[in-house]
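A.B. asks: please find the sequence and the predicted model below.
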Amino acid sequence: MTAAENVCYTLINVPMDSEPPSEISLKNDLEKGDVKLKTEALKKVIIMILNGEKLPGLLMTIIRFVLPLQDHTIKKLLLVFWEIVPKTTPDGRLLQEMILVCDAYRKDLQHPNEFIRGSTLRFLCKLKEAELLEPLMPAIRACLEHRHSYVRRNAVLAIYTIYRNFEHLIPDAPELIHDFLVNEKDASCKRNAFMMLIHADQDRALDYLSTCIDQVQTFGDILQLVIVELIYKVCHANPSERARFIRCIYNLLQSSSPAVKYEAAGTLVTLSSAPTAIKAAAQCYIDLIIKESDNNVKLIVLDRLIELKEHPSHERVLQDLVMDILRVLSTPDLEVRKKTLQLALDLVSSRNVEELVIVLKKEVIKTNNVTEHEDTDKYRQLLVRTLHSCSVRFPDMAANVIPVLMEFLSDNNEAAAADVLEFVREAIQRFDNLRPLIVEKMLEVFHAIKSVKIYRGALWILGEYCSTKEDIQSVMTEVRRSLGEIPIVESEIKKEAGELKPEEEVSVGPVQKLVTEMGTYATQSALSSSRPAKKEEDRPPLRGFLLDGDFFVAASLATTLTKIALRYVSLVQEKKKQNSFIAEAMLLMATILHLGKSSLPKKPITDDDVDRISLCLKVLSECSPLMNDIFNKECRQSLSHMLSAKLEEEKLSQKKESEKRNVTVQPDDPISFMQLTAKNEMSSKEDQFQLSLLAAMGNTQRKEAADPLASKLNKVTQLTGFSDPVYAEAYVHVNQYDIVLDVLVVNQTSDTLQNCTLELATLGDLKLVEKPSPLTLAPHDFANIKANVKVASTENGIIFGNIVYDVSGAASDRNCVVLSDIHIDIMDYIQPASCTDAEFRQMWAEFEWENKVTVNTNIVDLNEYLQHILKSTNMKCLTPEKALSGYCGFMAANLYARSIFGEDALANVSIEKPIHLGPEAPVTGHIRIRAKSQGMALSLGDKINLSQKKTSL
């Protein structure tokens with residue numbers, strides 16, 4: 001039997017604090033009580049039998065006083081009672097009383113009420129005694145013709161289970177059900193009947209399907225799903241049948257039910273790898289993503305599309321559908337959009353890149369008009385990065401993309417503007433032909449830039465790439481415009497005096513006097529509140545940054561002015577013009593220095609910025625060829641080196657990715673013929689329905705068996721000693737969000753242990769789902785107890801507890817065996833992940849929990865220590881391989897991982913090799929871990945501490 005066909009008994013939760021009732025009181029209630037009392041008494045009887053009590057004296061009482069009642073609740077409870085009560089004598093013969101019960105159920109099968117008939121038929125599915133079922137067969141057959149569909153569909157189920165367990169009772173079941181199916185109109189009855197034929201007589205099921213294959217589209221969705229399963233199984237077992245049914249699967253792609261469409265598309269892909277089939281399935285998936293409102297469904301179906309893309313021969317088919325895939329971007333959910341853009345970027349080729357760029361440009365412009373939403377900015381960032389990647393891979397596109405993106409440099413959202421700036425910097429360095437266009441657009445938007453960080457980057461680009469006399473003059477004009485009136489200190493003081501006495505004309509004399517009198521310039525802060533709006537409006541951007549105390553932008557400006565001044569000198573031969581330009585640049589730097597030293601800005605200028613501006617002044621006053629080389633050549637070379645290293649790294653990762661996907665066959669690889677392959681070796685041909693069912697039940701031995709290290713034995717934890725009266729060991733099976741403990745309990749004594757209960761408790765973010773029910777263990781007997789534990793977040797958890805039991809016949813108190821603790825490892829929930837440097841820095845700044853771990857190891861090599869940490873923490877190293885190569889006695893690396901609950905974990909490894917202690921000295925240093933939650937940071941720290949000490953060389 002497959003896992004799905006195992007019998008499921010009715011389990012009833014029992015409050016353990018209540019006192020178990022006596023047999024006499026129950027007998028009394030069942031004989032003389034009213035319906036309500038009888039109901040309660042029957043419930044108690046059922047619970048006691050489930051707990052292992054034997055109540056033979058009540059059997060006749062129930063048959064005489066309870067069985068004849070017509071109350072529906074009692075009838076329902078009686079079905080449970082007859083399911084669990086022992087029906088045979090110790091030597092295996094059927095009890096005499098059961099004949100009376102059998103007669104009662106024959107009457108119930110002919111009852112006018114359809115609920116009673118239907119529920120009785122369901123109960124018969126659980127009976128395992130052929131002698132009881134034999135007299136009921138005519139009544140069960142008659143139920144197939146009942147007017148109500150509830151009775152008919154349960155009659156089909158009853159016939160199916162009886163046929164499967166006791167074929168001799170109803171040998172003509174497949175024929176009977178086939179005839180029933182032909183004449184049946186109700187969808188649920190047809191589905192049950194068809195399901196039975198699939199499992200009992202597949203040929204009949206195929207015959208029926210062949211007769212109505214053209215009407216499949218008109219069937220209900222539950223029947224269509226079963227038909228898809230049948231076609232899959234038939235074609236899976238017998239590939240020659242594919243041609244017969246593939247048209248039917250194509251038709252089911254047009255079904256009105258999303259579930260049927262999804263299953264049909266999945267089946268079509270497994271049955272055929274023809275481009276038309278792949279295209280039809282992919283188109284079906286795309287329609288589902290667009291039409292389904294649930295984001296989880298969208299993500300699941302998107303994953304199926306991504307799986308399709310992984311197959312090299314399918315990729316080309318999907319490339320033609322890129323424009324359809326982009327329709328998914330209409331979904332507001334960021335995660336769906338992220339996956340869609342990634343998929344589109346993987347599928348982009350020279351044939352469709354132009355259309356892709358047009359759509360993305362439209363999307364970027366759309367985000368500008370949307371009312372601000374927290375995800376709009378992130379979405380814009382995603383679009384910018386996608387366009388960036390497209391332009392790098394297809395340089396012809398850059399000219400179309402840049403003008404649209406340059407508008408976003410003046411955006412309020414700094415992150416999106418920073419991405420645009422990074423893109424522009426790479427484009428201007430890589431594509432010489434686009435430099436004039438980029439410089440022109442940059443000068444257009446320069447005055448509108450609102451963020452100081454973006455302003456600095458824009459200044460650098462203009463200073464580095466303005467090569468004509470006109471462009472250099474334009475940059476100087478823009479800088480003057482952005483600084484406002486100079487000298488800054490003089491004009492600011494005049495402005496303040498003007499605001500103080502607007503009607504009087506202020507001369508220069510009093511203004512100078514005003515500064516000396518005020519000293520700390522207290523008046524400015526007192527007056528700034530009177531007309532702040534006007535001041536903000538009037539102040540040019542660069543002047544505003546400087547008065548806010550941000551002088552790092554001034555150092556950047558000084559470098560830019562020095563570069564363009566030195567370039568101007570080499571371009572213009574007239575000495576007068578040269579001197580005039582250099583003097584103007586020096587005046588701007590001097591006035592900024594003056595402002596920094598005054599008390600006007602909110603924060604004074606730092607010494608570093610003063611040194612930088614002073615150096616630039618010195619360079620301009622001397623104009624030596626060496627400085628000209630450093631400022632105008634070597635800066636650009638270092639950018640070029642950085643970009644080429646980055647490109648090389650990207651190419652390397654793409655190469656690795658493509659190598660992974662291209663299935664190469666080595667010369668000496670064995671050839672596998674499908675006809676000669678053993679059933680368990682057909683890995684690529686496994687039954688997908690069976691696999692998904694096993695995965696849903698958490699039953700994944702198939703995967704574990706492939707790797708001997710991951711076998712069950714390695715996950716077994718011993719809970720008690722071998723000399724304890726009860727020996728226990730647990731297999732800890734970790735699914736995604738829950739842990740299943742499979743505990744083996746062995747009675748090592750010669751006594752019967754009653755009410756043997758496994759009592760568990762948890763520490764950490766773990767929650768016990770249900771209390772394991774008590775059981776009775778015979779001498780030297782064993783049993784398996786399963787317990788489910790829910791996991792809510794990523795942190796180390798501990799499960800502890802004990803086993804309590806009573807010894808049969810002993811008058812002493814309950815006995816107790818304490819169990820060893822089970823430690824749940826955080827590594828089961830952490831997976832390596834990657835993020836950009838900017839995202840890493842942002843998260844590093846935001847996360848409030850930090851755990852600093854001191855390196856304490858016996859590893860002597862820096863790189864070896866880093867690899868060991870990566871292996872033991874499941875984290876991914878974000879620092880590129882090139883940055884870590886070479887040897888210099890110290891190393892710094894950033895690590896990143898994400899838990900299955902979506903929590904991020906960051907780590908910074910800072911280690912060095914103390915050379916003065918000799919070549920065999922171990923690595924020293926620190927690892928700083930940052931996470932959003934305290935548990936994650938502490939657990940990772942503990943893991944690193946444990947693993948670094950264990951290492952032995």
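C.D. replies: Everything's here; your move. Residues are numbered from 1 along each chain as shown.
A.B. asks: the residue lying closest to His388 once chain neighbours are set aside sits in which helix or strand?
C.D. replies: Using C-beta to C-beta, 6 or more residues apart in numbering and skipping the chain neighbours, the partner closest in space to His388 is Phe423 (4.2 Å). (Each C-beta comes from the backbone N, C-alpha and C, glycine too.) According to DSSP states H and E, Phe423 maps onto helix 414-430.
A.B. asks: who's in contact with that helix?
C.D. replies: 377-378, 380-381, 384-385, 387-388, 391-392, 395, 398, 402, 405-406, 408-411, 434-435, 438-439, 442, 449, 451, 453-454, 457-458, 461, 465, 636, 639-640, 643, 838, 842 (C-beta atoms under 8 Å, 6 or more residues apart in numbering).
A.B. asks: how distant is that helix from the center of its chain?
C.D. replies: Averaged C-alpha coordinates place helix 414-430 at 29 Å from its chain's average position (C-alpha atoms, centre = their mean, to the nearest Å).
A.B. asks: any idea of the mean pLDDT for that helix?
C.D. replies: The predicted model assigns helix 414-430 a mean pLDDT of 79.
A.B. asks: list the buried residues for it?
C.D. replies: Within helix 414-430, the residues that qualify as buried are 415-430, counting by 16 or more other C-beta atoms under 10 Å.
A.B. asks: and the residues you listed, which is closest to Val572?
C.D. replies: Ile428 (23.5 Å; C-beta to C-beta).
A.B. asks: quick one: Thr331 and Ser293, what's the gap?
C.D. replies: 9 Å (C-beta to C-beta, to the nearest Å).
A.B. asks: what about those two, which has more around it?
C.D. replies: Thr331 (18 against 7; other C-beta atoms under 10 Å).
A.B. asks: contacts only, for that one.
C.D. replies: So Thr331 contacts Ile289, Ile290, Asn295, Lys298, Arg337, Thr340 (C-beta under 8 Å, 6+ apart).
A.B. asks: whatever helix or strand the fifth one lives in packs against which elements?
C.D. replies: Right, Arg337. Using DSSP H and E, Arg337 maps to helix 334-347. For helix 334-347, the packing partners by 3 or more C-beta pairs under 8 Å, 6 or more residues apart in numbering; DSSP states H and E come out as helix 295-310, helix 312-319, helix 322-325, helix 374-393.
A.B. asks: okay, those helices in CSV with mean pLDDT, mean neighbour count and distance to Pro667 next?
C.D. replies: Below are these laid out as CSV (pLDDT from 0 to 100; neighbours: other C-beta atoms under 10 Å; distance: least, C-beta to C-beta, whole Å):
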stretch, mean pLDDT, mean neighbour count, distance to Pro667
helix 295-310, 85, 17, 25
helix 312-319, 78, 16, 20
helix 322-325, 84, 18, 37
helix 374-393, 79, 20, 34
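A.B. asks: do you know which of these lies nearest Glu864?
C.D. replies: helix 295-310 (33.6 Å).
A.B. asks: can I get the helices and strands packed on helix 334-347 in TSV with distance to Asn714?
C.D. replies: TSV is the format used below for the helices and strands packed on helix 334-347 (distance: least, C-beta to C-beta, whole Å):
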stretch	distance to Asn714
helix 295-310	30
helix 312-319	36
helix 322-325	42
helix 374-393	42
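A.B. asks: where does pLDDT dip in the stretch 801-950 of the chain?
C.D. replies: The stretch 801-950 of the chain contains residues with pLDDT under 70 at 809-812, 949-950.
A.B. asks: show me where it has its helices.
C.D. replies: Assigned helices in the stretch 801-950 of the chain, in chain order: 837-846, 862-873, 881-884, 934-950 (criterion: DSSP state H, counting those that start in this stretch).
A.B. asks: reformat those helices as TSV; add mean neighbour count and distance to Lys602.
C.D. replies: Compiled in TSV, the helices of the stretch 801-950 of the chain are given as follows (neighbours: other C-beta atoms under 10 Å; distance: least, C-beta to C-beta, whole Å):
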stretch	mean neighbour count	distance to Lys602
helix 837-846	13	22
helix 862-873	18	43
helix 881-884	12	37
helix 934-950	19	35
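A.B. asks: the ones you listed: which one's closest to Asp471?
C.D. replies: Nearest of those (C-beta to C-beta): helix 837-846, 29.6 Å.
A.B. asks: report the angle between that closest one and helix 374-393.
C.D. replies: Helix 837-846 runs at 150 degrees relative to helix 374-393, counting by axes from the mean of the first three to the mean of the last three C-alpha atoms, to 10 degrees.
A.B. asks: from the contact counts, what lies against helix 837-846?
C.D. replies: helix 414-430, strand 890-899, strand 904-912.
A.B. asks: mind putting these in TSV, distance to Arg117 included?
C.D. replies: Converted to TSV, these look like this (distance: least, C-beta to C-beta, whole Å):
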stretch	distance to Arg117
helix 414-430	66
strand 890-899	52
strand 904-912	58
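A.B. asks: closest one to Thr560 among those?
C.D. replies: helix 414-430 (14.1 Å).
A.B. asks: dump the residue contacts of Met406.
C.D. replies: Val420, Val424, Ile438, Lys441, Met442, Glu444, Val445.
A.B. asks: re earlier: mutual contacts of Thr331 and Ser293, please.
C.D. replies: Counting by C-beta under 8 Å, 6+ apart, nothing touches both Thr331 and Ser293.
A.B. asks: does Lys54 touch Pro86 like I think?
C.D. replies: Yes: contact criterion C-beta atoms under 8 Å: Lys54 and Pro86 qualify, at 7.3 Å.
A.B. asks: these two: who's more crowded?
C.D. replies: With neighbours defined as other C-beta under 10 Å, Lys54 and Pro86 compare such that Pro86 has more, 12 against 9.
A.B. asks: model confidence score at that one, please.
C.D. replies: Pro86 is given a pLDDT of 79.
A.B. asks: dump the residue contacts of it.
C.D. replies: Here Pro86 is in contact with Lys54 (C-beta under 8 Å, 6+ apart).
A.B. asks: would Ile198 count as being in a helix?
C.D. replies: Yes: counting by DSSP: H, G, I helix; E, B strand; the rest coil, Ile198 is found in a helix.
A.B. asks: is it in contact with Val226, as I believe?
C.D. replies: Yes: using C-beta under 8 Å, Ile198 is in contact with Val226, at 6.9 Å.
A.B. asks: turn the contacts of Thr331 into TSV, columns for distance to Glu574.
C.D. replies: Formatted as TSV, the contacts of Thr331 follow (distance: C-beta to C-beta, whole Å):
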residue	distance to Glu574
Ile289	66
Ile290	66
Asn295	66
Lys298	66
Arg337	56
Thr340	58
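A.B. asks: quick one on the thing from earlier: now do the helix holding Arg337 and helix 295-310, the angle between them.
C.D. replies: Using the same axes, to 10 degrees: helix 334-347 against helix 295-310 is 10 degrees.
A.B. asks: average pLDDT for helix 334-347, rounded please.
C.D. replies: Mean predicted lDDT for helix 334-347 stands at 85.
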